[in-house]
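# I need the structure of the sequence given here:
(one chain, ligands or ions: 1)
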Amino acid sequence: MTSYDLIDAVGGPEVMHELMQTFYDRLFDDLMVGFFFANSDKDALVRSQIAYVHAHLGDRGGDYRGPSIYEAHKHMPILAGHFDRRHQILQDVLAEFDVPEPVQKEWLALDQAMRPMVLRQGREFRRSKGIE
Ligand code: HEM
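Got it, this is the predicted structure:
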């Protein structure tokens, strides 16, 4: 896809905020991954995640100043199944908000590319470290 601004592509700042709010509402309430967020500030995460994707997709106009994805997750025992669950919820939300197909693809690919930075336990993690 040619250059585009991510916020414009999803339909403007209000739509982007609603999309991310929906994503985090579902994550916080989810039986498989919700416990990870028990002590998290949802509003801060919504803001941070918008900045993150805006800084990494399309013409990268966003300004993300948070920690690296590795740093933000290194203290959490995230398994492959947790990752996949979060990814499925993201996929559902992007489709429900009618994000243009090519943007959905890039967004989901960025998310998958972060997988090794986020997993901290389990066979997939051990294999990535050459332990198994
Ligand atoms: C590709 C996947 C992921 C991306 C791009 C991502 C991105 C982020 C970002 C940008 C932050 C905020 C950092 C900050 O501003 O301090 C964050 C925090 C967090 N992430 Fe993720 N994340 C991913 C996967 C996951 C997964 C799979 C889980 C758990 C199932 C998870 C749980 C959390 C939690 C609980 C926090 C909040 C930590 C806190 O409140 O201090 N993340 N993530």
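
# tell me which element the residue positioned nearest the centre of the chain falls in.
In the chain, the centroid-proximal residue (C-alpha atoms, centre = their mean) is residue 111; its distance is 5.8 Å. Using DSSP states H and E, the element containing residue 111 is helix 101-113.

# so who does residue 120 touch?
Residues in contact with residue 120 (C-beta atoms under 8 Å, 6 or more residues apart in numbering) are 73-74, 76-78. (C-beta placed from N, C-alpha, C; glycine too.)

# Could you look up the SS state of the nearest residue to residue 22 once chain neighbours are set aside?
Once flanking residues are discounted, residue 22 sits nearest to residue 93: 5.4 Å by C-beta to C-beta, 6 or more residues apart in numbering. Local secondary structure at residue 93 is given as helix here, using DSSP: H, G, I helix; E, B strand; the rest coil.

# Could you check how far residue 93 is from residue 40?
Distance of residue 93 to residue 40, given as C-beta to C-beta, to the nearest Å: 18 Å.

# Between those two, which is the more surrounded one?
residue 93 (20 against 12; other C-beta atoms under 10 Å).

# ok, the more buried one touching residue 26?
Yes. Applying C-beta atoms under 8 Å as the test, residue 93 and residue 26 come out as touching, 7.0 Å apart.
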